[in-house]
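>>> this one's structure only:
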């Protein structure tokens, strides 16, 4: 284990100024040395929210670029909030060993009440209390990791044991960042990266289907610890795929997330 890696499994990250120290709970399914995309997504959302939320701004879009595998090793974070009135942008960048590994652009809006709203119809998910089966994906090791240990899960629709659309409720078991409140927005961002695992269309033992990016649109602030992710995946013979997820809390739909997938056959 790297001397810079936090060994405690009571949180996903420790933060020391600009230094971010991940624990083994940041680990993803593709490599023991690379983070699950949900870990940096939640971290970046939290840093962006921390920059402007006290001023009354709400995050409405977060675009996360995963420029290379985010290592389970010391990172540095920089946060740059642009000027603005009703709309402001916050850029959060994660670096490792002098290289940018991930960046996020958060669009923050200061809303103003209107007299009425309107909602599009989306299928409702059964509440978490009515769901009991944990998410299990064939070929994915049940080991200490972000997706298996840091997150609790309950299947809410379809099946994660076979290909096709699926939905699940997800909840962080531990704080995302030690000493920092894990906000509902951070929980939603962390859960949103699970879509292409929940709704898989090719077997994990034969293919890799990691996402190169993640974009969230949040129409209202999340309010519950459990985040519902209702996902569908399409994969083309070009080796390019797309996952679209509708995000829920216990009050109903709250936004959408999309992931571009890079699909490769595993070597024999």
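Cool, got the structure. Predicted model only: the values in this text are computed from it and were never measured.

>>> and the helix or strand that residue 260 is a member of, average pLDDT?
In this assignment (DSSP states H and E), residue 260 forms part of strand 252-265. Average pLDDT, strand 252-265: 95.

>>> buried residues in that strand?
Buried residues in strand 252-265, counting neighbours by 16 or more other CB atoms under 10 Å, are found at 253-259, 261, 263. From N, CA and C alone the C-beta is placed, and that goes for glycine too.

>>> and for stretch 63-70?
If you call a residue buried by 16+ other CB under 10 Å, then stretch 63-70 has these buried ones: 63-64, 66, 69-70.

>>> let me know the closest of the residues you listed to residue 207.
Of all the buried residues of stretch 63-70, residue 69 has the smallest distance to residue 207: 17.1 Å, by CB to CB.

>>> now do the SS call for that closest one.
Residue 69 carries the three-state label coil when classified by DSSP: H, G, I helix; E, B strand; the rest coil.

>>> quick one, what contacts the closest residue to residue 108 other than its chain neighbours?
Spatially, and ignoring its direct neighbours in sequence, residue 108 is nearest to residue 57 (3.8 Å; CB to CB, 6 or more residues apart in numbering). The contact partners of residue 57, by CB atoms under 8 Å, 6 or more residues apart in numbering, come to 88, 108-110.

>>> look up how far residue 31 lies from residue 57.
Per CB to CB, to the nearest Å, residue 57 is found 36 Å from residue 31.

>>> residue 232 too?
Distance, residue 232 to residue 31, using CB to CB: 26 Å.

>>> and if you look at residue 149?
16 Å.

>>> which parts of this protein are strands?
Using DSSP state E, the strands of the chain run over 13-16, 19-22, 58-66, 75-81, 87-96, 99-109, 151-158, 166-172, 207-211, 213-218, 227-235, 240-249, 252-265.

>>> pull the distance from the fifth one to the chain's centre.
To tie it back to what came earlier, the one meant is strand 87-96. How far strand 87-96 lies from its chain's middle: 16 Å, per CA atoms, centre = their mean, to the nearest Å.

>>> which residues touch that strand?
Residues from elsewhere that reach strand 87-96, judged by CB under 8 Å, 6+ apart: 20, 40, 43-44, 47-48, 51-52, 57, 70-71, 73-82, 100-110.

>>> low-scoring stretches of the stretch 101-250 of the chain, by residue?
Regions of the stretch 101-250 of the chain meeting the criterion pLDDT under 70 cover residues 115-122.

>>> from the buried residues of strand 252-265, which is closest to residue 134?
Using CB to CB, the buried residues of strand 252-265 come closest to residue 134 at residue 257, 21.2 Å.

>>> wait, residue 231 sits on residue 193?
No: at 10.7 Å, residue 231 does not count as touching residue 193 under the criterion of CB atoms under 8 Å.

>>> which one of those two is surrounded by more residues?
residue 193 (29 against 26; other CB atoms under 10 Å).

>>> ok, the more buried one to residue 261 distance?
As defined by CB to CB, residue 193 lies at a distance of 12 Å from residue 261.
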